[in-house]
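Q: 3D, please:
(one chain, ligands or ions: 1)
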Amino acid sequence: MKARDVVVVDGIRTAFGKAGEKGFFWNTRADDMAVRVIRELMRRNPKVKPEMVEENVWGATTQEGDQGLTLGRTSALLAGLADSCSGFSVDRMCAGGLTAVTTAASEVALGACDIAIAGGVEHMGHHPMGATASPNPRFLTDKLVSEDALVMGKTAENLHDLFPEITKEMADEYSLHCQLKTAKGYEDGKIQKMIVPMTVYTKEGWIVADRDQQPRPTTMEGLAGLKTPFRVQGNVTPGNASGLNDGASGVLLMSAEKAAELGIKPVMRLKGYAYAGVKPEIMGYGPIPATKKALKNTGLSIDDIGLIELNEAFAVQAIIFMKEFGLKFPTDERLNRLGGAIAFGHPLAASGPRLVIHLLNQFAERPDVRYGMTSMCVGLGQGATAIWENISH
Ligand SMILES: CC(C)(COP(=O)(O)OP(=O)(O)OC[C@H]1O[C@@H](n2cnc3c(N)ncnc32)[C@H](O)[C@@H]1OP(=O)(O)O)[C@@H](O)C(=O)NCCC(=O)NCCS
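A: Numbers count the residues shown, from 1 in each chain. Just a heads-up that it's a prediction; the model follows:
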């Protein structure tokens, strides 16, 4: 079977809220957030009729309650896609949504379908990380992993131990720049256009959630004074870590032939992707082998990549990536130009498609750039990287 070219036509996300009762999505169902994204993709792309979407793939880490019952199928029905649209759900924790994208793209590439929607949703308020998981006791009794492996913040402290040259000050400086880039992105109106507003019921009554709740004015002094919840006198703080958030994001994919047939000008093409495993205790290292593998798979080098969207679970993990691939610290003009998860937040499975949406929007503005990358680390020790080609180059 010969693989076909797969293109991304559009992508949109909800605002990202803070998890918990103070978050604006506290009274909103996760599946309704996914539905909002699907409906908006359909509204923005009228040449794609609902009955043309053949597959709907959604990532979610905790697949129960309002994220259960095979979200890919339920959200398709709730969003008004045709009964003929099949759907399923995937889980690769933080990279669940990116896995939904590469899985749906692989279906399109192999001719299993022509048009698919892929996304990710995580309501971390309704489903706190790992709350209902029951890890096999053998992980600890047989010393397969240390206890650290199950607490993401501790894995970030471990990275600081492994790379002692990366100090807390560096993690804070990186995070300050992240917040500044996001503030500038909002000021320039570049972030709002990637967000579909959603009317939600909160303690204050009905409000429109149209801006991320987490970004905040930040200074080095403010960051320096924050607690280090994962280790006494540690390096990881609420200011240099991603947060606990609620959000949904999704993209519209199709074969290049289908796009041409419908008269749609797609923005980018999937060039290749790879996933890789690393020691669970240093899960933030994952993007490095995943990126090396994806570059090898595509015959490219890091110098060919003009735009990088790297999920920032923790600043330290982004900094080791920069160090490994020779990016300039604290900001490199190729990396996270509108900021990253330290500012926007990280509703686990929703973050992968968010990276894809950010790249999509920047490619549209930057025909000078040919290749871009979306990459992220994954709990229990994995990395995920997808490489994309800018069609307008
Ligand atoms: C780090 C973490 C424990 C913090 O949780 P939290 O305490 O609920 O976070 P908050 O947003 O309430 O921030 C805590 C404090 O830091 C302050 N703060 C956070 N970021 C700040 C910034 N940039 N500048 C100044 N202050 C900041 C908050 O204002 C708050 O202050 P307060 O206690 O006086 O109200 C949580 O965000 C976390 O676990 N993050 C990692 C998530 C994760 O592991 N994801 C998966 C990755 S693989």
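Q: give me the number of residues near the closest residue to the ligand within the stretch 251-393 of the chain?
A: The nearest approach of the stretch 251-393 of the chain to the ligand comes at residue 313, 3.6 Å away (C-beta to the nearest ligand atom). (Each C-beta comes from the backbone N, C-alpha and C, glycine too.) The number of residues packed around residue 313, counting by other C-beta atoms under 10 Å, is 29.
Q: Repeat that for residue 106.
A: The number of residues packed around residue 106, counting by other C-beta under 10 Å, is 15.
Q: Could you measure from it over to residue 354?
A: Look at residue 106 and residue 354: by C-beta to C-beta, to the nearest Å, they are 20 Å apart.
Q: for residue 262, same thing?
A: Distance from residue 262 to residue 354, counting by C-beta to C-beta: 26 Å.
Q: Then residue 287?
A: As judged by C-beta to C-beta, residue 287 and residue 354 stand 16 Å apart.
Q: sorry, back to before: more neighbours, residue 262 and residue 354?
A: Taking residue 262 and residue 354 together and counting by other C-beta under 10 Å, residue 354 has the greater number of neighbours (33 against 16).
Q: For the residue of the stretch 251-393 of the chain closest to the ligand, give me the backbone phi and psi.
A: Dihedral pair for residue 313: phi -60, psi -40, per degrees, to the nearest 10.
Q: so who does it touch?
A: With C-beta atoms under 8 Å, 6 or more residues apart in numbering as the criterion, the residues that contact residue 313 are 94, 152, 156, 241, 242, 284, 341, 346, 376, 377.
Q: Drop anything exposed from these.
A: Neighbour counting by 16 or more other C-beta atoms under 10 Å classes 94, 152, 156, 241, 242, 284, 341, 346, 376, 377 among the contacts of residue 313 as buried.
Q: Now intersect these with the strands, please.
A: Where the buried ones among the contacts of residue 313 overlap with strands, as defined by DSSP state E, the overlap consists of 376, 377.
Q: mind checking how far the helix or strand harbouring residue 246 is from the chain centre?
A: If you go by DSSP states H and E, residue 246 is part of strand 245-255. Centre-to-centre, strand 245-255 and its host chain are 9 Å apart (C-alpha atoms, centre = their mean, to the nearest Å).
Q: can you check stretch 140-155 too?
A: Counting by C-alpha atoms, centre = their mean, stretch 140-155 is centred 24 Å from the centre of its parent chain.
Q: Could you do stretch 261-270 as well?
A: Between the mean C-alpha point of stretch 261-270 and the mean C-alpha point of its chain there is a distance of 22 Å (C-alpha atoms, centre = their mean).
Q: which parts of the stretch 51-200 of the chain sit against the ligand?
A: Within the stretch 51-200 of the chain, the residues that sit near the ligand (C-beta under 6 Å from any ligand atom) are 94, 152, 153, 179.
Q: Next: the stretch 201-350 of the chain.
A: Counting by C-beta under 6 Å from any ligand atom, the residues of the stretch 201-350 of the chain lying close to the ligand are 216, 218, 222-223, 226, 229, 238-239, 241-244, 313, 346.
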